[in-house]
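> Sharing a model prediction with you, sequence too.
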Amino acid sequence: MSKKIRSNHSVGALLSTAVMLGTLAAPVWAEDSKAATPADTSVLRICASEVEMPYSGKDGTGFENKLGKVLADAMGRKPKFVWTDKPAIYLVRDQLDKNTCDVVMGLDTGDERVLTSKPYYRAPYVFVLRSDSPLDITSWDSPDVLKAQRIGLAADSPAQVMLEKLGLFNANFNYMKSLTGFKSKRNQYVRVQPERYVDDVASGKADFAVVFAPEVARYAKQRGDKIKLVVIPDSASRADGQHLPFHFDQSIGVRKNDKQLLAEVNAALEKAQPEIESILKEEGIPLDQLAKTPEGRQG
């Protein structure tokens, strides 16, 4: 099971999906990503989506944009964002694999399409609740989970697996589909805008939501004390008893033949870790202790 829609954890081993995706020297902004350019070791070409906030946005205010600048600085390179107007799930296929850029931020550690760096943060899924909610929910075993009428979640996510297990999926189906305007996913990728989860919980349209913390931390923080994020314990299991992950290590992806670049990235991550943690904490993301995968996946 993989983690998030924009990476590949939405239902990883169960259902397959694809991926994503500060005051340093000003980055070099790429106008498009149509043509590959020769390798320039003075520049770090960062694959980036214009439409994947809070991770990435054309104005550079996404937290992964900020982390990309920190990474480039630690490598002694200038950051050059190679933008696409497509969702981040297409970054590997349409950019990295075509050599228009060199790194993809925020992939699941061990993503099989790439070489992944050692993880630079680990984050959980969270229950998004109103601070004054009458529901007492701290885990999937909480009895109040069964009292909810409308639960915000992404299709094909770990949360959907749990709703199916608990017998809540069918009753919640129409609300879940309303989050994407009832668009069919058959011929298109449809992303729920993360702030929608927070807005619906805050307004009472949803009793709670289940979302990967980095997607909603910024928007929950903007609500002040009206919204709380409750970390979901990483102890859930599917109906067949198999562990269902709700916490995920995040890494940087490079092409499978770029082992030298991977080594440089790993060295830079160690150097930049204090700045990375500062950006993530400012974003409001609840962080876990990193798993013991010090060098990431080398092949």
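Arrived safely, thanks for sending.

> In the stretch 101-250 of the chain, where is pLDDT below threshold?
Across the stretch 101-250 of the chain, the ranges flagged by pLDDT under 70 are 183-188.

> got the residue ranges for the helices in it?
158-166, 169-178, 194-203, 213-222 (DSSP state H, counting those that start in this stretch).

> Show me what the top strand by length along the chain pairs with in its sheet, parallel or antiparallel.
If you go by DSSP state E, the chain has its longest strand at strand 121-130. Strand pairing for strand 121-130, determined by DSSP bridges: strand 208-212 (antiparallel), strand 227-231 (antiparallel), strand 247-254 (antiparallel).

> got the buried residues for that strand?
121, 122, 123, 124, 125, 126, 127, 128, 129, 130 (16 or more other C-beta atoms under 10 Å). Any C-beta I mention is one placed from the backbone N, CA and C, and that applies to glycine too.

> Which single one of those is nearest to residue 193?
Ranked by distance to residue 193 (C-beta to C-beta), these are led by residue 128 at 13.8 Å.

> thinking that closest one is in contact with residue 220, fair?
Yes - between residue 128 and residue 220 there is a contact under C-beta atoms under 8 Å: 6.5 Å.

> Overlap in contacts, the two.
Jointly contacting residue 128 and residue 220 under the rule C-beta atoms under 8 Å, 6 or more residues apart in numbering are 198, 227, 228, 229.

> Pull the longest strand of the chain out as CSV, backbone CA atoms only.
C-alpha atoms of strand 121-130 as CSV (Å, rounded to 0.1, in the frame of the first residue of the first chain):
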residue,chain,number,x,y,z
TYR,A,121,10.8,13.2,6.1
ARG,A,122,8.1,10.8,7.2
ALA,A,123,4.5,11.8,7.7
PRO,A,124,1.2,10.2,8.6
TYR,A,125,-2.3,10.3,7.5
VAL,A,126,-4.5,12.4,9.9
PHE,A,127,-8.1,12.6,10.9
VAL,A,128,-9.2,16.2,10.2
LEU,A,129,-11.8,17.2,12.8
ARG,A,130,-13.4,20.4,14.1
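
> And it, how far out from the chain middle?
With C-alpha atoms, centre = their mean, to the nearest Å as the basis, strand 121-130 stands 11 Å off its chain's centre.

> that older thread, can I get the helices of the stretch 101-250 of the chain in JSON lines including distance to residue 276 and mean neighbour count?
What follows is the helices of the stretch 101-250 of the chain, written out as JSON lines (distance: least, C-beta to C-beta, whole Å; neighbours: other C-beta atoms under 10 Å):
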{"stretch": "helix 158-166", "distance to residue 276": "25", "mean neighbour count": "21"}
{"stretch": "helix 169-178", "distance to residue 276": "33", "mean neighbour count": "15"}
{"stretch": "helix 194-203", "distance to residue 276": "21", "mean neighbour count": "21"}
{"stretch": "helix 213-222", "distance to residue 276": "13", "mean neighbour count": "23"}
